[in-house]
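Asks: sequence unknown, structure follows:
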């Protein structure tokens, strides 16, 4: 089911939802995993996004690319989860006892120190990306996480290729500032 098929989507059509799920679930799962950092949480989040899709479709502007809209829904849901997770940590874990837990298997062949540095780097980059304004974060994530070209991003977001290039350039510039600020803190 491509963008044009979404135009005919009825809120009660299970087969059309199945088509949407088959087409977009892998991308939704990858985006959730990128934002949440855990495969298990990403699977739960992706399932929840699709469970909420019938109600969320009421907000879809059919003049916009479907993936652009859906990725925004996914980002908002994941950011809400991250906020709740952070609030729960503050409530249930004493300040000095917080430990960063990684549910992902260790990379074979890396020393514990290399693993720690890589994990801290990933977390720093993820945090810096999350702090980007949405107009910068979206094209940057689509380019580097979804491996889309500027033309594909432009098509999905309803922008010109040149505008996407400018947004990605500014996103990288802001990302460098965020990372430098994070390292200084």
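Replies: Structure's in. What do you need? Bear in mind the structure is a predicted one, so any value in this text is a computation, not a measurement.
Asks: how about the residue nearest to residue 165 when sequence neighbours are not counted, what does it touch?
Replies: Leaving aside its chain neighbours, residue 165 sits nearest to residue 150 (5.5 Å; criterion: C-beta to C-beta, 6 or more residues apart in numbering). For glycine as for every other residue, the C-beta is placed from the backbone atoms N, C-alpha and C. By C-beta atoms under 8 Å, 6 or more residues apart in numbering, the contact list for residue 150 reads 143, 161, 164, 165, 168.
Asks: in ChimeraX, select just the buried ones from the residues you listed.
Replies: Applying 16 or more other C-beta atoms under 10 Å to these, the buried members can be selected in ChimeraX as follows:
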select :143,164,165,168
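Asks: widest-spaced pair of the contacts of residue 150?
Replies: For these, with distances taken as C-beta to C-beta, the pair at the greatest spread is 143 and 161 (11.9 Å).
Asks: and the helices in this structure?
Replies: Counting by DSSP state H, one finds helices in the chain at the ranges 3-6, 14-36, 39-56, 66-92, 112-130, 134-144, 150-157, 161-184.
Asks: weakest of those by average pLDDT?
Replies: Within the helices of the chain, the stretch with the lowest mean pLDDT is helix 3-6, showing a mean of 48.
Asks: which one of the contacts of residue 150 is nearest residue 49?
Replies: residue 143 (21.8 Å).
Asks: list the contacts of the residue nearest to the spatial centre of the chain.
Replies: The centroid of the chain falls nearest to residue 31 when counting by C-alpha atoms, centre = their mean (3.8 Å). For residue 31, the contact set (C-beta under 8 Å, 6+ apart) comprises 71, 74, 75, 78, 141, 145, 146.
Asks: tell me the two of those residues that are most distant?
Replies: So for those, where distance means C-beta to C-beta, the most widely separated pair is 78 and 146, at 14.9 Å.
Asks: quick one: which of these two has more around it?
Replies: residue 78 (24 against 16; other C-beta atoms under 10 Å).
Asks: hang on, the more buried one packs against residue 32?
Replies: Yes - counting by C-beta atoms under 8 Å, residue 78 does reach residue 32; the two are 5.7 Å apart.
Asks: who touches both of the two?
Replies: Common contacts of residue 78 and residue 32, defined by C-beta under 8 Å, 6+ apart, comprise residue 45.
Asks: show me the chain divided up by domain.
Replies: 1-94, 104-185 (automatic domain parsing).
Asks: how far out from the middle of the chain is the longest one?
Replies: Read it as domain 1-94. 9 Å (C-alpha atoms, centre = their mean, to the nearest Å).
Asks: what comes up buried for stretch 28-47?
Replies: Within stretch 28-47, the residues that count as buried by 16+ other C-beta under 10 Å are 28-37, 41-42, 45-46.
Asks: follow-up on the earlier one: give me the distance between the residue nearest to the centre of the chain and residue 17.
Replies: 19 Å (C-beta to C-beta, to the nearest Å).
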